[in-house]
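J.: For reference, the sequence and a predicted model appear below.
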Amino acid sequence: MPHVMEIEAACHQWDMWTEDEFLDVLRRRNVIGMVAEFDGVVVGFMVYELNKHDLFLMNLCVQPAMQRTGIGTAMIDRLKEKLSAVKRSTMELIVSERNLACHLFLRDLGFLCTETIRYPDDDDNYRFVFDITAKPVSERLLPKRRDRFENRIRRIDPA
């Protein structure tokens, strides 16, 4: 737990979980916590809740010095293995508007921002969802854009 708390403090300047909050959440039957290790040292962790129809990622952190090395992607990939088209097809999480690095990370992994959660006296949050049954983002967005671009090329290029 000390390593997890160090990583939590290094990653979250706002809304940091306390050790008691971690323990309270991890005592729930459907909540699982996992750590990522590199050379025997804990470099990341995740806490997620398995529900009947979805998986809710409650917390995910990678030690700042180890970010952008594939550890976060490996942890998300582990969670994607728990999804199936038949039972639990979506994974979701809520991210603060301040955490742009996480927004970009999730977008690169195929998550879509589906909702803005507004708070009157605090920062807004965004709900990100990964749906195993949905077409990849590239298949949903690019063909329309590509067709419009090709049409413009044909009009401009006389050949």
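T.: Looks like it came in fine.

J.: Tell me which stretches of the protein form helices.
T.: Secondary structure of the chain (DSSP state H): helices at 2-11, 19-26, 71-80, 100-108, 137-156.

J.: in the protein, which ranges drop under the pLDDT threshold?
T.: Residues of the chain meeting the criterion pLDDT under 70: 136-159.

J.: Now Arg118: closest residue in space, sequence neighbours ignored.
T.: Using Cβ to Cβ, 6 or more residues apart in numbering and skipping the chain neighbours, the partner closest in space to Arg118 is Asp124 (5.2 Å). In this view, the C-beta of every residue, glycine as well, is placed from N, C-alpha and C.

J.: For that neighbour, which residues are in contact?
T.: Contact analysis of Asp124 by Cβ atoms under 8 Å, 6 or more residues apart in numbering lists 96-97, 116-118.

J.: Filter those down to the buried ones, PyMOL style.
T.: For the buried members of the contacts of Asp124, the matching PyMOL selection, counting by 16 or more other Cβ atoms under 10 Å, is:
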select buried, resi 96
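
J.: Now, the contacts of Asp124 that are in strands?
T.: Among the contacts of Asp124, the residues falling in strands (DSSP state E) are 96, 116-117.

J.: if we can go back for a sec, need the contacts of Asp124 in a markdown table (columns: distance to Glu37).
T.: Formatted as a markdown table, the contacts of Asp124 follow (distance: Cβ to Cβ, whole Å):
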| residue | distance to Glu37 |
| --- | --- |
| Ser96 | 27 |
| Glu97 | 31 |
| Thr116 | 35 |
| Ile117 | 33 |
| Arg118 | 38 |
